[in-house]
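Asker: Any chance you can model this:
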Amino acid sequence: MNLIDTTQLGLQRAISGAGMRQATIADNIANANTPGYQRKDVDFHTTLRAALESNSPSEVSATSFESTTDSSGPMRFDGNGVDIDAESATMASNALEYETLLSVAKGRTDILRSAMGVA
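Answerer: Alright, predicted model coming up:
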């Protein structure tokens, strides 16, 4: 039995994806007044779900994420597609998800450390 299983790898990749999404949302907020700036997002959920469904640890650990431009929302007269209120709400939601993922990963690590007798 491996100490680092697909679930642990998935948690690590999800933490990475949520962190990347947080940085992308911060970029959106920073560019809220930049004419022509298009909102970006990182959809790590879909990519990670597909990797986890393969049940292959190597595919899960090799999962990478990228930011994509989202031009589906309303556009201001200056061509900017960032809604600061929506971005702030998304950032808060993503931050909660990130903290939850960290908490679960820490809990799993603490269980392993306890089982091994490591303080």
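
Asker: Show me what counts as buried in the longest helix along the chain.
Answerer: The helix spanning the most residues in the chain, taking DSSP state H as the definition, is helix 84-116. Residues of helix 84-116 classed as buried by neighbour count (16 or more other Cβ atoms under 10 Å): 87, 90-91, 94, 97-98, 101, 105, 108. Any C-beta I mention is one placed from the backbone N, CA and C, and that applies to glycine too.

Asker: That one - what's its average pLDDT?
Answerer: The average pLDDT within helix 84-116 is 94.

Asker: Likewise for stretch 39-49?
Answerer: In the prediction, stretch 39-49 has an average pLDDT of 95.

Asker: now the end-to-end length of it.
Answerer: 24 Å (Cα to Cα, to the nearest Å).

Asker: what do you get for stretch 80-89?
Answerer: 18 Å.

Asker: That one: how far from the chain's middle?
Answerer: Computed by Cα atoms, centre = their mean, to the nearest Å, the chain-centroid distance of stretch 80-89 equals 18 Å.

Asker: Ok, stretch 111-119 next?
Answerer: Using Cα atoms, centre = their mean, the offset of stretch 111-119 from its chain centre is 28 Å.

Asker: For the residue at minimal distance from the centre of the chain, give me its contacts.
Answerer: Closest residue to the average C-alpha location of the chain: Ala18 at 1.9 Å, with Cα atoms, centre = their mean. Going by Cβ atoms under 8 Å, 6 or more residues apart in numbering, Ala18 touches 44, 94, 97-98, 101.

Asker: do Glu97 as well
Answerer: Neighbours of Glu97 in contact, by Cβ under 8 Å, 6+ apart: Ala18.
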